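[1] Got a predicted structure here, sequence first:
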Amino acid sequence: MKINLSQPLTTLIACVLLILLLPACEGIRDRRPAPVEQPGIPTQAQILEQQGQYREAAHLLLQRAEQTREPGRTDLLIRATRLFIHAGDIEQADKVLQSIPPSPTDPILQTRRRQLQAELLLQQDQADKALALLIVDDTLPVTVRALTHELRANAYLQSGNPLESARERIQLEPLLLEADKIALNREQLWQGLLQLSPVFLQQMALKPPPNILSGWLQLVKISKTLMGSTAAFETRIRQWQANYPLHPASGRILENLSAHFRAIKKPEKLALILPMHGKLSKPANAIRDGFLAAHYQQNGSQLRTEIKLYDSSSNQQSIIDLYQQAVTDGAEFIVGPLDKLKVAELASMPNYPVPVLTLNQTDNNLFSADNLFQFGLNPEDEARQIAERTSLEGMNRAITITPQGDWGKRMARAFSERFQQLGGVILQHAQYDFRGNDFSAPIKRMLNIDESERRYNQLRNALAADIKFVPRRRQDVDFIFMAAFPKQARQIVPQLRFHHAADIPVYTTSSSYSGQQTEQQNKDMGGVVMCDSDWMLSTPDQSDPLRQQLNSLWPGKMKRYTRLYALGVDAYLILAQLRWLQSHPAERFDGATGRLHLGEYNRIHRTLKWGRFEDGKIKPLNKIQPRVPSLSTEP
C-alpha cells in the first residue's frame, strides 16, 4: 500500500491500524458464536414442543447443539434431555444427560444436572432416590429453585406423601411469576391433598389460623366430610373464610368447590332394582347392604330419602316393565339392574323420563342417552390402566396370556388396543384353558421356548448324540399382561418362573385376587403387580369408617364380597354427583371402588390404586406421575 505523506496525521494513523488489523480479521470471524434466538420469535423446536412433539423438538435441539459453543451448547443439551423425558424416551434422555459435562465450580449447572437425573428417576418410580438429589439452595436463581420445589412435590406425591408434596408447593408459589402457573400449582396442590383419607384428616393435628397448610387441610376436610349436607357445608365455609381471609384457596378453588356443592341434588325417592332370588342374589344382597349403609351414614336420623326395592329375579315382569312401575310409583332416580342382559334390554329404550344408574355395563357403545348412566366393576377398565401404567414406566413390548372364551377375549382386546394407542407393541398373545392345571403349552409358545426345543431336537437328531441343553426364552419382552382368576393366577405365575421368565415383570387385574386367600396361598404370586380399589389394598383398620362398620356387621360376607359392598356404597353416593360430573368431565369423585369420573356415553370409569405381592401380602405401590412440562420457567 502507498501512503501519501501529505495526508493529515489522523488519516495516516488510521491506515496503519487498518493494515495491522487485517491479518486478524479471519480469526475474529471464526470465533463468532452461533446466531442467537430472537426474543419473542418461537423457533421450530419451540413450535414442535407446543404441539406435543417432544422427541422431534429434542432432535432439533441436538442438531443445534452440535453447531453451538459453550455455554449455549449445554443449555441446548439440558433442554433436549427434558424433552426426551417428556416424550417418554428415557434411554435417549439418559444418553444426552451423560454428554453434559459436570462442572464442580458451577452450582447452577450442577443443580440443573441433578434435576434432570431426578426427573429420570421419577419416570422409573424411584421417588426416594430423586428426593436425595433435589437439594434446596436459596442462593440459586428463582427459576432453578422453583423447579427443585416442583420436582420435590412430584416426588413426594409419587411416594404416597401428599402432605409433604403440599408443603413443597406452598414454598413454590412465591417463586412463580405468571398467574396461570400459580393457579395450576394451587390446583395440583389441591388434587394431591384430596388423596388424603377422611380418617387421616380427622386424626391430624393442625396448626391454628392463619397457617397456610392448615387452611388447605381444613378445606379438604370440609369437602370430604360434608358432601351430603349443603347447609352444613355453607356454615363451615363461612367459618373457614373468617379464619383464613387471604388464603390462596379463596379464589378459584373455593369457587369451584362451592359450585360443586350447589349442584348436588339428592333425590327424595329412590328405586333400587336387584335380583333378590337366584344365582345373583348373594352379590345383590351385598350391593343392597352397601347402598343402604351409605344412605344411613350420610343421613343419620334425618332420613328424608325414601328407598323402595324392586325384585328383578322374576321372569314374569320385564326390566322395562319394572322401570315403568318405579316411575309410576314416583321414583326420582332408579338404580339397577345388575344382570348384564337386563342392562342391555333397559338400554335399548328410546328415552328415560326418570334417570337410571345401571349396576353393570353393556358390551358396546350403541346405547347412549342423557338420562342413562352405566356403572359397574368393569375389568376392561383395569386392563386399560395396566396399559397406561406400563407405558409410563417405559415398557413398550408386551406378551399377553388370557383365558379362552368371551371374557378372556375382551380383556386381551381392551389391553391391546390401549397399549397400542400409546405406542406399545404386542409381541405375542397366548390363550389357556381355565379348566386345566397345566399351562406349560401356551406359556412355552408365548416365550418361544417351543421353538428352542424344536431346534434342539433337530440338532440332536442330526448329530445322533446327546447334547447338553438349556431352553432359551425370547429376550425381547418387557413385561407380561395376565388376565386370570385367583386359582389360575396362582398356578400360572410359578409356571412362568419354571420356564425361565422369573425376571419378566407380570401385571394383572383385580380378578387375580379375591382377598380371601391366605399368605401361604399367595406366596407364589410374589412380584406380581395388580390394580384394585383402596378397600381391597388396605386393611380394614386403615380405611374409612363406613368400611369398618360394614366389616364389624358382616365380617364373613365383607371378606367375600368387599368389592360388591363398595359398589353399593358408591352407587348411592354418586347419585347426587352425576349431573355435576356430566357437566364437568375433568372432575373426579373419590369413591370406595376407586376414583370415579364420567366418560363418553355416560359410562362411569374407575381409576384404581396399585399393589405388588410380597411374601403373600399386597404392598402398596407408588403412583406413576404423567409426563407433563413443568410449571417452572427453567428451560
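    Yep, it's here. Numbering: from 1, shown residues only.

[2] Just give me the neighbour total for the nearest residue to Ile426 once chain neighbours are set aside.
    In this structure, Ile426 finds its nearest non-sequential neighbour in Ser416, 5.1 Å apart by C-beta to C-beta, 6 or more residues apart in numbering. The C-beta positions use only the backbone N, C-alpha and C, and glycine is treated the same way. Residues within reach of Ser416, counting by other C-beta atoms under 10 Å, total 20.

[3] show me where the stretch 51-200 of the chain has helices.
    Taking DSSP state H, counting those that start in this stretch as the criterion, the stretch 51-200 of the chain carries its helices at 54-66, 72-87, 90-98, 107-123, 127-133, 142-158, 162-172, 179-193, 198-203.

[4] could you say what helices and strands the third one packs with?
    Judged by 3 or more C-beta pairs under 8 Å, 6 or more residues apart in numbering; DSSP states H and E, the packing partners of helix 90-98 are helix 54-66, helix 72-87, helix 107-123.

[5] What of the last one?
    Secondary-structure packing of helix 198-203 (3+ C-beta pairs under 8 Å, 6+ apart): helix 212-225.

[6] what's next to the next helix or strand after the helix it packs on, contact-wise?
    Heading C-terminal from helix 212-225, the first helix or strand you meet, by DSSP states H and E, is helix 230-243. Contact with helix 230-243 is made by 209-210, 215, 218-219, 222, 226, 250, 254, 258, 261-262, 264, as judged by C-beta atoms under 8 Å, 6 or more residues apart in numbering.

[7] try it again with 7 Å
    209, 218-219, 222, 226, 250, 258, 261, 264 (C-beta atoms under 7 Å, 6 or more residues apart in numbering).

[8] Those into CSV, with extra columns for neighbour count and distance to Gly290?
    Output for the contacts of helix 230-243, formatted as CSV (neighbours: other C-beta atoms under 10 Å; distance: C-beta to C-beta, whole Å):
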residue, neighbour count, distance to Gly290
Pro209, 15, 38
Gln218, 21, 29
Leu219, 22, 28
Ile222, 20, 25
Leu226, 17, 21
Ser250, 15, 37
Ser258, 14, 29
Phe261, 20, 24
Ile264, 17, 20
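
[9] ok, so of those residues, who is nearest Ala166?
    Leu219 (11.6 Å; C-beta to C-beta).

[10] right, and that closest one touches Ala249 too?
    Yes. Assessed by C-beta atoms under 7 Å, Leu219 is found in contact with Ala249 at 5.5 Å.

[11] Can you tell me how far the nearest residue to Tyr54 once chain neighbours are set aside is from His584?
    Closest residue to Tyr54 apart from its sequence neighbours, by C-beta to C-beta, 6+ apart: Ala87 at 3.8 Å. Distance, Ala87 to His584, using C-beta to C-beta, to the nearest Å: 30 Å.

[12] now Arg145
    34 Å.

[13] of these two, who's got more company?
    When Arg145 and His584 are compared for neighbours, Arg145 comes out ahead with 20 against 16, by other C-beta under 10 Å.

[14] Not counting its neighbours along the chain, what's nearest that one?
    Distances taken as C-beta to C-beta, 6+ apart place Leu175 nearest to Arg145, at 5.8 Å, with adjacent residues excluded.

[15] Can you get me a residue count around the one you found?
    The tally of other residues near Leu175 (other C-beta under 10 Å) stands at 22.

[16] quick one: average confidence on stretch 123-130?
    Per-region confidence: stretch 123-130 scores 88 on mean pLDDT.

[17] chain center to that stretch: distance?
    16 Å (C-alpha atoms, centre = their mean, to the nearest Å).

[18] And for stretch 76-94?
    21 Å.

[19] Can you give me the buried ones in it?
    Buried residues in stretch 76-94, counted by 16 or more other C-beta atoms under 10 Å: 76-90, 92-94.

[20] hang on, the earlier thing: tabulate the helices of the stretch 51-200 of the chain (JSON lines), appending distance to Gln420.
    Listed next are these as JSON lines, based on distance: least, C-beta to C-beta, whole Å:
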{"stretch": "helix 54-66", "distance to Gln420": "18"}
{"stretch": "helix 72-87", "distance to Gln420": "18"}
{"stretch": "helix 90-98", "distance to Gln420": "20"}
{"stretch": "helix 107-123", "distance to Gln420": "21"}
{"stretch": "helix 127-133", "distance to Gln420": "29"}
{"stretch": "helix 142-158", "distance to Gln420": "26"}
{"stretch": "helix 162-172", "distance to Gln420": "33"}
{"stretch": "helix 179-193", "distance to Gln420": "29"}
{"stretch": "helix 198-203", "distance to Gln420": "39"}
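
[21] Nearest to Gln374, out of those helices?
    Among the helices of the stretch 51-200 of the chain, helix 179-193 sits nearest to Gln374 (C-beta to C-beta), with 25.6 Å.

[22] could you say what helices and strands the closest one packs with?
    helix 162-172, helix 212-225, helix 252-263 (3 or more C-beta pairs under 7 Å, 6 or more residues apart in numbering; DSSP states H and E).

[23] and of those, who's closest to Gly591?
    helix 212-225 (11.8 Å).

[24] Let me know the angle separating the closest one from helix 179-193.
    60 degrees (axes from the mean of the first three to the mean of the last three C-alpha atoms, to 10 degrees).

[25] Does anything pack onto helix 212-225? Which helices or strands?
    helix 162-172, helix 179-193, helix 198-203, helix 230-243.

[26] okay, the shortest one in CSV with CA atoms only?
    Only the C-alpha atoms of helix 198-203 are listed here, as CSV (Å, rounded to 0.1, in the frame of the first residue of the first chain):
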residue,chain,number,x,y,z
PRO,A,198,-61.2,-38.8,55.9
VAL,A,199,-59.7,-40.9,58.7
PHE,A,200,-56.3,-39.2,58.3
LEU,A,201,-57.8,-35.8,58.1
GLN,A,202,-59.9,-36.3,61.3
GLN,A,203,-56.8,-37.5,63.3
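
[27] Can you name the element that comes right after the helix or strand hosting Leu322?
    Using DSSP H and E, Leu322 sits in helix 319-328. Following helix 319-328 in sequence order, the next helix or strand is strand 333-335 (DSSP H and E).

[28] That next one: partners in the sheet, and parallel or antiparallel?
    strand 269-274 (parallel), strand 356-358 (parallel) (DSSP bridges).

[29] After the last one, heading C-terminal, what element do we hit next?
    Using DSSP H and E, the helix or strand that follows strand 356-358 towards the C-terminus is strand 372-374.

[30] low-confidence ranges in the stretch 451-600 of the chain?
    452-471, 516-517, 540-543 (pLDDT under 70).

[31] those strands in it, which residues are they?
    479-482, 506-508, 529-532, 589-590, 595-598 (DSSP state E, counting those that start in this stretch).

[32] just how off-centre is the first one within its chain?
    Right, the one you point to is strand 479-482. That offset, for strand 479-482, works out to 19 Å (C-alpha atoms, centre = their mean).

[33] Name the residues of it that are buried.
    479-482.

[34] Parallel or antiparallel, list what pairs with that strand.
    strand 397-403 (parallel), strand 506-508 (parallel).

[35] Likewise for the third one?
    Its sheet considered, strand 529-532 pairs with strand 506-508 (parallel), strand 609-614 (antiparallel) by DSSP bridges.

[36] Equivalent analysis for the last one, please.
    Sheet neighbours of strand 595-598, with direction, are listed as strand 589-590 (antiparallel), strand 604-607 (antiparallel) (DSSP bridges).

[37] Which of those strands sits closest to Ile334?
    strand 604-607 (15.5 Å).

[38] Dump the C-alpha coordinates for the closest one into CSV.
    Provided in CSV are the C-alpha atoms of strand 604-607 (Å, rounded to 0.1, in the frame of the first residue of the first chain):
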residue,chain,number,x,y,z
ILE,A,604,-68.5,-44.3,34.9
HIS,A,605,-64.8,-45.2,34.9
ARG,A,606,-62.7,-46.1,37.8
THR,A,607,-59.0,-45.1,38.5
